[in-house]
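*Asks:* Compute the structure for the input listed below.
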Amino acid sequence: MKKLVLLALIGVSIVSCSKEKPVKDYLILSGKIDNFKKRDITLTGFNFDKKIKFDKKTGSFKDTVRINKNGYYTLKTNKKIVNLYLSDTVNTGIVFDYKKPEIINFEGSNSNINNYFVKKRKTWTEHITNANQFFSFEEEEFLEKLEAYKDALTELSISNNLPTDFLKSEVKNIDYEYLRNLSNYEKFHSILTGNDNFKTSEDYPDAFENFNFSNGDDYVNSFSYRAMLNEELKRIAQEKNKEGEDYYLTYLETVQTEVNDTLAKNDLLHKSAVNSITFTDNLKEFYNKFKAYSTNKKHKEEISKSYNLLKTTAKGQPAPKFFDFENYNGGTTSLDDLLNKGKYLYIDVWATWCGFCKKEIPLLKRLEEEYHGKNIEFVSISVDAKQAHDKWKQTIEDREMTGIQLFSGKKQDDLEWAQKFLIKGLPKFIIIDPQGNIVNPNAPAPSQGEKLISLFDELGV
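*Replies:* Below you'll find the predicted structure:
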């Protein structure tokens, strides 16, 4: 009988253990926003992005959020943002009026940090007021105001009884913001004053003196650090890159040699490769170097998918076909219709909402005039959504666009033909030979003048 009782108790014990509550691995982010009329808001952080539904009837939101790391986040509410510090299991509440975002109430154990962020934004307004005006100041006045702003932020952070670990990180953030403003001054002042020859004095502080290219913690926690590092790497790559060389390859090589921290290096390589692999002139070499430099398995898998897709539209490959795009002059046109003319095709992929596309139109028209009657056809393919059909026609009329004008009726991300080129930005120019093979999937734009003309000459156009 005693054995039976003992077994029963053991059974109860096993059942009890199996019903233990799981460890909490999330936080609840909730809040109320008065006078806000959108359907959703967005929470962003370092390599983190999450849309949160907003209930317009109740003026509130509530969502379960899983974050990979405690740290700095931003809640984007249309044109206004709220800076937040989030911990992985600490529920956080926010209440404010969209028309008066300077007054915010926070709930949760990180409230002191989040209230500090509100005061920090006010300090910017009090000392800087307007960024354009700030960078327009002459050097001496700019440096005085920048020092005063940094001192005010440092004093604010120390006086707010912030947690020790956060305070250490925040003091670094303040310093990196100061250094980033220093490094931006010459470029921004030149643009704002219209003085193309502006240079800072010999005594101007060097923002990159003793700059650490390999600090993983700062890379994650400081936007200013990441921005400075990326800009400096681009500058170094541009200096290294010789005329005619592939800049995108040079940038990968620069990250490899200059950055030792694994997290920062992998992230920089990945962020570059996501777009650059579309634009590089040396697809296979670019891919092989990325694979050799990156140690992140997930990143490698993602870039491998892009590479395998782009191989099908690389130089020398048969061009993917499109069918029955509406022709502005009437009827529909397919790629085969154009190839039947036995000419090279210079294809401009554009959209009516694209400002850079519109800047190329006058140059494209001039190019068409120069090559009229020669062994080449100029084709413009709109990747506007179906709803923009009238705007497409009106743009052609207003800008007196020439050449063959086609309307796909789909955005590039929804258009199978465009997806095969993995188009990352507009305008996109493609050259196809009379046999239907791709000559260049990243052809020079009309604004690249000599480079494009030299290519045409090589082809014997």
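*Asks:* So what's the residue count around residue 274?
*Replies:* 15 (other C-beta atoms under 10 Å). Yep, even glycine has a C-beta here, placed from its N, CA and C like the rest.
*Asks:* Quick check on it: phi, psi?
*Replies:* Dihedral pair for residue 274: phi -50, psi -40, per degrees, to the nearest 10.
*Asks:* Check the gap between the residue positioned nearest the centre of the chain and residue 296 for me.
*Replies:* In the chain, the centroid-proximal residue (C-alpha atoms, centre = their mean) is residue 271; its distance is 8.3 Å. According to C-beta to C-beta, to the nearest Å, residue 271 and residue 296 sit 12 Å apart.
*Asks:* pLDDT below threshold where in the stretch 201-350 of the chain?
*Replies:* Regions of the stretch 201-350 of the chain meeting the criterion pLDDT under 70 are absent.
*Asks:* the strands in the stretch 251-400 of the chain, which residues?
*Replies:* For the stretch 251-400 of the chain, strands defined by DSSP state E, counting those that start in this stretch occupy the ranges 325-327, 332-333, 344-350, 376-382.
*Asks:* now those strands in TSV, with mean neighbour count and distance to residue 242?
*Replies:* Listed next are those as TSV, based on neighbours: other C-beta atoms under 10 Å; distance: least, C-beta to C-beta, whole Å:
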stretch	mean neighbour count	distance to residue 242
strand 325-327	18	40
strand 332-333	17	42
strand 344-350	23	28
strand 376-382	22	30
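*Asks:* Export those strands to JSON lines and append columns for distance to residue 264.
*Replies:* Putting the strands of the stretch 251-400 of the chain into JSON lines (distance: least, C-beta to C-beta, whole Å) gives the following:
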{"stretch": "strand 325-327", "distance to residue 264": "44"}
{"stretch": "strand 332-333", "distance to residue 264": "48"}
{"stretch": "strand 344-350", "distance to residue 264": "34"}
{"stretch": "strand 376-382", "distance to residue 264": "39"}
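*Asks:* Of those strands, which is nearest residue 430?
*Replies:* Nearest of the strands of the stretch 251-400 of the chain to residue 430, taken as C-beta to C-beta: strand 344-350 at 4.4 Å.
*Asks:* The longest helix seen in the chain: which residues count as buried?
*Replies:* In the chain, taking DSSP state H as the definition, the longest helix is helix 164-193. Across helix 164-193, burial judged by 16 or more other C-beta atoms under 10 Å covers 166-167, 169-170, 172-185, 188-190, 192.
*Asks:* Please give me every residue in contact with residue 211.
*Replies:* 179, 228, 229, 232 (C-beta atoms under 8 Å, 6 or more residues apart in numbering).
*Asks:* Filter those residues down to the buried ones, ChimeraX style.
*Replies:* Command for ChimeraX that selects the buried part of these, burial taken from 16+ other C-beta under 10 Å:
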select :179,228,229,232
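*Asks:* So which of the contacts of residue 211 sit within helices?
*Replies:* Short answer: those in helices (DSSP H) are 179, 228, 229, 232.
*Asks:* give the contact list for the nearest residue to the second one once chain neighbours are set aside.
*Replies:* Excluding the flanking residues, the one nearest residue 228 by C-beta to C-beta, 6 or more residues apart in numbering is residue 180, at 5.2 Å. Shown in contact with residue 180 (C-beta under 8 Å, 6+ apart): 207, 224, 227, 228.
*Asks:* Same question for residue 357.
*Replies:* The contact partners of residue 357, by C-beta under 8 Å, 6+ apart, come to 348, 350, 351, 426, 427.
*Asks:* before we move on, what about residue 284?
*Replies:* Residue 284 neighbours (C-beta under 8 Å, 6+ apart): none.
*Asks:* still on that earlier bit, chain center to the longest helix of the chain: distance?
*Replies:* When distances are taken as C-alpha atoms, centre = their mean, to the nearest Å, helix 164-193 is centred 20 Å away from the chain's centroid.
*Asks:* is the residue nearest to residue 326 when sequence neighbours are not counted in a bridge, and if so with what?
*Replies:* Nearest non-adjacent residue to residue 326, counting by C-beta to C-beta, 6+ apart: residue 407, 4.3 Å away. Beta-bridge partners for residue 407, by DSSP bridges, are residue 326, residue 382.
*Asks:* from what I can see residue 407 touches residue 329, true?
*Replies:* No - look at residue 407 against residue 329 with C-beta atoms under 8 Å: they stay out of range, at 11.4 Å.
*Asks:* Comparing these two, which residue is more hemmed in?
*Replies:* Legend: neighbour count by other C-beta under 10 Å for residue 407 and residue 329, higher for residue 407 (22 against 9).
*Asks:* Can you classify residue 238 as helix, strand or coil?
*Replies:* Three-state call for residue 238 (DSSP: H, G, I helix; E, B strand; the rest coil): helix.
*Asks:* list the contacts for it?
*Replies:* residue 247.
*Asks:* All further residue positions should be reported with the first residue as 49.
*Replies:* All right, first residue 49 from here; so that's residue 286.
*Asks:* Now do it against residue 394, distance only.
*Replies:* In terms of C-beta to C-beta, residue 286 sits 28 Å off from residue 394.
*Asks:* Test my guess that residue 313 contacts residue 304.
*Replies:* Yes - applying C-beta under 8 Å, one finds residue 313 in contact with residue 304, separated by 7.3 Å.
*Asks:* quick one: common contacting residues for these two?
*Replies:* Contacts common to residue 313 and residue 304, judged by C-beta under 8 Å, 6+ apart, are residue 341.
*Asks:* Those two: who's more crowded?
*Replies:* A count of neighbours by other C-beta under 10 Å puts residue 313 above the other of residue 313 and residue 304, at 22 against 17.
*Asks:* How about the contacts made by the residue nearest to the more buried one when sequence neighbours are not counted?
*Replies:* Once flanking residues are discounted, residue 313 sits nearest to residue 307: 4.4 Å by C-beta to C-beta, 6+ apart. By C-beta under 8 Å, 6+ apart, the contact set of residue 307 is 261, 262, 277, 281, 313, 316.
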